[in-house]
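S.K.: model this:
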Amino acid sequence: MHRIQLDKDIQPLSEFRSRVAFYFDKVKKTKRPLVITQNGKSAAILIDVSEYEAMVDKLELLEDIKLAETQIGDGLGISHKNVKNKFSKRS
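M.R.: Numbers count the residues shown, from 1 in each chain. Presented below is the predicted three-dimensional model:
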């Protein structure tokens with residue numbers, strides 16, 4: 001995901017409402033998220049769909065890695081030698 005540019009990617013809700021189509025196009029084009037504020041505080045983030053999907057994919061991969069690390073730590077791993085033997089028997 002592209003980094004937020006603080007001087008360009010934070011808009012108050014009133015400004016966002018008045019130019020919704022413009023901000024949708026901007027997020028699609030720049031691939032940067034848009035922070036929408038309400039009463040001077042961050043309230044929501046608008047993000048491009050492809051950037052969101054990439055973020056979800058990365059999160060799922062990290063969760064799989066964490067699960068694998070936990071399983072290995074619990075002794076549920078399989079040694080490289082055993083895996084190699086198992087696959088060589090299939091041939």
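
S.K.: any weak-confidence spans in the protein?
M.R.: Applying pLDDT under 70 to the chain flags residues 91.

S.K.: can you tell me which helix or strand the residue nearest the centre of it belongs to?
M.R.: By Cα atoms, centre = their mean, the chain has its centre lying nearest to residue 55, at 1.7 Å. For residue 55, the host element (DSSP states H and E) is helix 49-73.

S.K.: So what touches that helix?
M.R.: Around helix 49-73, the neighbours that count as contacts under Cβ atoms under 8 Å, 6 or more residues apart in numbering are 1-2, 31, 33, 47, 77. In this view, the C-beta of every residue, glycine as well, is placed from N, C-alpha and C.

S.K.: just stretch 4-18 next, same as before
M.R.: 23, 32-38, 42-43, 46.

S.K.: mind running it again at 6 Å?
M.R.: Identification of contacts with stretch 4-18 by Cβ atoms under 6 Å, 6 or more residues apart in numbering yields 23, 32-38.

S.K.: So which of those sit within helices?
M.R.: Among these, DSSP state H puts residue 23 in helices.

S.K.: Just the buried residues out of the contacts of stretch 4-18, in ChimeraX syntax.
M.R.: Buried members of those, defined by 16 or more other Cβ atoms under 10 Å, are picked up in ChimeraX with:
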select :23,32,33,34,35,36,37
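
S.K.: which of the contacts of stretch 4-18 sit farthest apart?
M.R.: The most widely separated members of the contacts of stretch 4-18 are 32 and 38, with 19.9 Å between them, by Cβ to Cβ.

S.K.: quick revisit: and the contacts of helix 49-73, which are buried?
M.R.: 33, 47.

S.K.: want to throw the contacts of helix 49-73 into a markdown table with distance to residue 68?
M.R.: Listed next are these as a markdown table, based on distance: Cβ to Cβ, whole Å:
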| residue | distance to residue 68 |
| --- | --- |
| 1 | 24 |
| 2 | 29 |
| 31 | 30 |
| 33 | 30 |
| 47 | 28 |
| 77 | 8 |
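
S.K.: now, which of the contacts of helix 49-73 lie within strands?
M.R.: Secondary structure from DSSP state E places none of those in strands.
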